[in-house]
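Asker: Generate a structure from the sequence data that follows.
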Amino acid sequence: MSKENLLNDNELVQRFIAGDHNSLEILIQRHKGRVFSYILLIVKKQELAEDIFQETFIKVIRSLKKGKYTENGKFVSWVLRISHNLIIDHFRKEKLKGTVSNDSLDVDIFNSQKFSEDTIEDQMINTQILSEVKNLIKELPEDQQQVIIMRHYLDLSFKEIAEQTDVSINTALGRMRYALINLRKLVEKKNLILTKI
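Answerer: The predicted structure is shown next:
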């Protein structure tokens, strides 16, 4: 084992910033299993997980070079947060695209009453409601934002949320409860109507 392998994450980060590219290799090797498993657990597709994993470390390298890493001793948590944000970005883009393949379904969705009833006006209202909800979520404390995104956008169970955020299931449930209470208060305070009239 080389003496570099004995260095802690923070020492390796500092060496990489100073120009030692081998230090980054060691960091990637050290944490790739945990980071990749986390991504795969959420996206559930090998190829997509590999893409996001690569994107994560590209962002890690750029951030380190720009001096944006300040979390001494918490390197892996920082990397996981970057990957988590990239996963959320991916799902947001997919949702915005709203692409659905007709081939993978038993019913022809393009000839379904359910899909043909939305007028342009309905679509605009839905888009407006989703946009307002996203803005409201941004006003919540970070731990409450995280639980809402993981539950409603990434479709994780409370058990998975608890494991990913390193808290008990009761804490995850509590955060969701407070998030919903705070969202209701924000809706009332801003006098918003988040339903079709």
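
Asker: just the helices in this protein please.
Answerer: Applying DSSP state H to the chain gives helices spanning 9-17, 21-43, 46-65, 75-97, 113-116, 120-138, 142-148, 158-165, 169-190.

Asker: With mean pLDDT and mean neighbour count as extra columns, can I get those in a markdown table?
Answerer: For every residue, glycine as well, the C-beta is placed using N, CA and C. Formatted as a markdown table, the helices of the chain follow (pLDDT from 0 to 100; neighbours: other Cβ atoms under 10 Å):
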| stretch | mean pLDDT | mean neighbour count |
| --- | --- | --- |
| helix 9-17 | 90 | 17 |
| helix 21-43 | 88 | 16 |
| helix 46-65 | 92 | 16 |
| helix 75-97 | 83 | 16 |
| helix 113-116 | 41 | 9 |
| helix 120-138 | 74 | 13 |
| helix 142-148 | 87 | 18 |
| helix 158-165 | 86 | 17 |
| helix 169-190 | 88 | 15 |
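
Asker: Contacts only, for the closest residue to Asp9 other than its chain neighbours.
Answerer: Excluding its sequence neighbours, the residue lying closest to Asp9 (Cβ to Cβ, 6 or more residues apart in numbering) is Phe75, at 3.8 Å. If a contact means Cβ atoms under 8 Å, 6 or more residues apart in numbering, then Phe75 has Asp9, Asn10, Val13, Leu27, His31, Tyr69 as its contacts.

Asker: Can you give the domain ranges for the protein?
Answerer: 1-99, 107-197 (automatic domain parsing).

Asker: residue contacts, the residue lying closest to Lys95 once chain neighbours are set aside?
Answerer: Distances taken as Cβ to Cβ, 6+ apart place Tyr153 nearest to Lys95, at 7.8 Å, with adjacent residues excluded. By Cβ under 8 Å, 6+ apart, Tyr153 lies in contact with Ile88, Phe91, Arg92, Lys95.

Asker: Tell me the pLDDT of the closest residue to the first one other than its chain neighbours.
Answerer: On the basis of Cβ to Cβ, 6+ apart, the spatially nearest residue to Ile88 that is not a chain neighbour turns out to be Ile149, at 5.9 Å. Per-residue confidence (pLDDT) for Ile149: 82.

Asker: Ile149: neighbouring residues, count only.
Answerer: By the criterion of other Cβ atoms under 10 Å, Ile149 has 21 neighbours.

Asker: ok, now how distant is it from Arg175?
Answerer: 11 Å (Cβ to Cβ, to the nearest Å).

Asker: And the pLDDT at Leu105?
Answerer: 40.

Asker: How about the one 5 residues further on?
Answerer: For Phe110, the pLDDT comes out at 43.

Asker: residues contacting Gln164?
Answerer: Counted by Cβ under 8 Å, 6+ apart, Gln164 has contacts Tyr38, Leu41, His84, Met150, Leu156.
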